[in-house]
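Asker: Sequence and predicted structure below; questions after.
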Amino acid sequence: MQASLRFCVLLVALLGPLPGFAEPLRATLSDGYRVLSSSETESFEPALLHALGDALGQDVELDTSPGGAELRLGAGKAGAIYYRAVPAALVASEGGLEAWSDLRNQPFCVAAGSPYARLVAERFAAEPREYPSAAHALIGIKLGECRAVVDDHALLADIAALPEWRRYRHLLPALSDAEQVRRIGATDTALQAQIGALMVRWRDEGRLGELTQQWIDEVAFQAYVLADTLDCH
């Protein structure tokens, strides 16, 4: 028994830790904003990190504590691009707003931590109302708590096309000059190069687009569930 144990210890020393026992990589959101958030905890980032972990052969976990993480996701100029978004606004189909300037002194619904909250408040003197997720923010306009929902154009364009949103199908023009570019950066240069190559390949193969669309659909579904729950009460 002791000889077998000594052999195992020697094997690990020579070959390194087995994959199953490797410590997971920790990732954090540098600005706290979760893209395409379908609930208080679920969003695009954990799904992206899960796919990234599969490709790297190592678990990757999203950690809310900022210190010591090997990966950082969020707005910035360094790192591999994983998400691009242009802000837009969804308003009522009839009797709603006709232009962004109409939002002056009016409330708008937005997901918690969204950079669009400050952007729209400063540019159009509007009043942000934050919600736990993008799905919750969408319900805010149905409850009459705001005059517009501000989020990514890709998400809102898909929402506007759904039959259950026929009363909220008007989109204010996307603010193309306010594009949000989100990146994933690593503290290790070799890991950063590997992630950068993966993001390029996934973008070229359409995998990144498929994952994005999956979470647009997930937000739409969770908003539908929330609205259905409200209707039942």
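Answerer: Sure thing, it's come through.
Asker: and residue 82, what are its phi and psi?
Answerer: In terms of degrees, to the nearest 10, the main-chain angles of residue 82 are phi -120, psi -10.
Asker: tally of neighbours for it?
Answerer: Residues near residue 82, counting by other CB atoms under 10 Å, number 24. To be clear about C-beta, it is placed using only N, CA and C from the backbone, and glycine gets the same treatment.
Asker: where does residue 145 land in three-state SS?
Answerer: The three-state label for residue 145, taken from DSSP: H, G, I helix; E, B strand; the rest coil, comes out as coil.
Asker: For it, give me its contacts.
Answerer: Under the criterion of CB atoms under 8 Å, 6 or more residues apart in numbering, the contact list for residue 145 reads 107, 109, 129.
Asker: Please apply the same query to residue 226.
Answerer: Residue 226 makes contact with 135, 136, 139, according to CB under 8 Å, 6+ apart.
Asker: Quick check: pLDDT value at it.
Answerer: Reported pLDDT at residue 226 in the predicted model: 93.
Asker: for the protein, what's the longest helix?
Answerer: Selection of the longest helix in the chain by residue count, based on DSSP state H, yields helix 207-232.
Asker: what's the offset of that one from the middle of its chain?
Answerer: A distance of 13 Å separates the centroid of the chain from that of helix 207-232, by CA atoms, centre = their mean, to the nearest Å.
Asker: Just the buried residues of that helix, please?
Answerer: By 16 or more other CB atoms under 10 Å, the buried positions in helix 207-232 come out as 208, 211-212, 215-216, 218-220, 222-224, 226-227.
Asker: Same check on stretch 75-94?
Answerer: Judged by neighbour count (16+ other CB under 10 Å), stretch 75-94 contains these buried residues: 79, 80, 82, 83, 85, 87, 88, 89, 90, 91, 92.
Asker: which one of those residues is nearest residue 143?
Answerer: residue 92 (12.7 Å; CB to CB).
Asker: Ignoring the adjacent residues along the chain, who's closest to the closest one?
Answerer: Leaving aside its sequence neighbours, residue 92 sits nearest to residue 168 (CB to CB, 6 or more residues apart in numbering; 5.7 Å).
Asker: Report the contact partners of the one you found.
Answerer: When contacts are counted by CB under 8 Å, 6+ apart, residue 168 touches 90, 91, 92, 93, 96, 141, 142, 149, 159, 160.
Asker: and the residue nearest the centre of the chain, which of the three is it?
Answerer: The residue at the geometric middle of the chain, judged as the C-alpha nearest the mean C-alpha position with CA atoms, centre = their mean, is residue 35 (1.5 Å). Here residue 35 takes the coil state, with states given by three-state DSSP.
Asker: what residues are up against the nearest residue to residue 202 once chain neighbours are set aside?
Answerer: Among residues not flanking residue 202 along the chain, residue 208 sits closest, at 4.3 Å (CB to CB, 6+ apart). Under the criterion of CB under 8 Å, 6+ apart, the neighbours of residue 208 are 82, 199, 202.
Asker: Brilliant, that's me finished.
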